[in-house]
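Q: missing the sequence, but the structure's below:
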């Protein structure tokens, strides 16, 4: 009898604990930020400009822990104000400790000064600003901002207006395609397969170790768009045939292009001009501005290793460990439509422009690989920054 009683109490205890945990996970609300165009005459004139695109915020909880650290949030432009996308937070008390308004290039145009800073007297409520999140409800904040033009960051109580984080250089996604589209970097950016991908032999002779695209209706959507200021995209492919009759005579291997991209589009594809097909690289290329477009010859049924690197100054294209060309990184282009994440084997809306061949070993890094690292990947040496 005692044993039964203990088991009953244990079950009840676990049930109550489970209910409390579920209740805790569901105790969430959301916050949005307004930026008024009216009020401050100095502010109003500039906010009438259409190119303000983001707010950047830092939020701390009641334990002074950063729950959002320099988080960039998209702004929507209405007739008299801007409003941000919402952020989700657990129910509780918080402080807004940093707030800036950025243009489409990521430049800080306005900021809210911190209490005690030289510019704090220009606003009624300098940072930090306390707010509370309640369950299943929106909280709205309207921080007062002033122009950063002509001021130093210290005038606002900030250390910088560029808001760059210290980035640990690492492999952020890795897809070996061994019978699945899992991200083996440990970051969880798993892909989703559509249309029944086949499995083939990779460049090293390993069976069932590469994805085979049929050029008809299959593609893969990866678990992120990897929209970061510096990156490297490294993959292997083998083209079986060029598909005629596709839109603009293009067959896409790698497509990353949609209206939410901040740092611009990225493409790797095969295109036919006349009777010749070539491999193309395109980062921030748009109609009327083809300055970053480059191409290379390739043979069918042969493995190749294209690589794109992007940093704050340059875009570089490599093929089989060899640098093809380098371009200044000074523009950001994106399309008005497209799936939110990277697509393999089709275009940005997953319709038409399919790829016929194999793709394998996609690696995404959060920094620009150097020549030696790219050569190491091409020669199948120890993977760069293997996790």
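A: Received the coordinates, thanks. Because the structure is a prediction, the values reported are computed rather than measured.
Q: strands of the stretch 201-350 of the chain, start to end?
A: 210-214, 219-221, 231-239, 250-256, 266-273, 276-283, 293-296, 306-310, 314-319, 322-328, 343-344 (DSSP state E, counting those that start in this stretch).
Q: low-confidence ranges in the stretch 51-200 of the chain?
A: Applying pLDDT under 70 to the stretch 51-200 of the chain picks out residues 51, 79-80, 105, 160-168.
Q: all strands for it, in order.
A: Counting by DSSP E, counting those that start in this stretch, the strands of the stretch 51-200 of the chain are 52-61, 66-77, 81-84, 87-90, 92-103, 108-111, 129-133, 138-141, 146-147, 171-175, 192-194, 198-200.
Q: direction included, what does the shortest one pair up with?
A: Pointing back at strand 146-147 there. strand 108-111 (antiparallel) (DSSP bridges).
Q: check the offset of the partner strand from the chain's centre.
A: 22 Å (Cα atoms, centre = their mean, to the nearest Å).
Q: residue 326: how many residues sit nearby?
A: Other residues within reach of residue 326 by the criterion other Cβ atoms under 10 Å amount to 13. All C-beta spots, glycine's among them, are computed from the backbone N, C-alpha and C.
Q: repeat for residue 182
A: Using other Cβ under 10 Å, residue 182 is surrounded by 16 other residues.
Q: quick check: it touching residue 174?
A: No. With contacts counted by Cβ atoms under 8 Å, residue 182 stays clear of residue 174, the gap being 9.3 Å.
Q: how far away is residue 143 from residue 97?
A: Residue 143 sits 11 Å away from residue 97, going by Cβ to Cβ, to the nearest Å.
Q: try residue 200
A: Distance of residue 200 to residue 97, given as Cβ to Cβ: 52 Å.
Q: who's in contact with the closest residue in space to residue 134 that isn't next to it in sequence?
A: Among residues not flanking residue 134 along the chain, residue 29 sits closest, at 5.2 Å (Cβ to Cβ, 6 or more residues apart in numbering). Listed by Cβ atoms under 8 Å, 6 or more residues apart in numbering, the contact set of residue 29 reads 88-89, 91, 133-139.
Q: kindly indicate which of the residues you listed lies nearest residue 348.
A: Using Cβ to Cβ, residue 88 is the member of these that lies nearest residue 348, at 27.3 Å.
Q: what about that closest one, neighbour count?
A: 9.
Q: is it true that it touches residue 30?
A: Yes. In this structure, residue 88 is within contact of residue 30 by Cβ under 8 Å, at 5.4 Å.
Q: number of nearby residues for the closest residue to residue 125 other than its chain neighbours?
A: Sequence neighbours aside, residue 144 is the residue nearest to residue 125 in space, at 6.1 Å (criterion: Cβ to Cβ, 6+ apart). Residues within reach of residue 144, counting by other Cβ under 10 Å, total 20.
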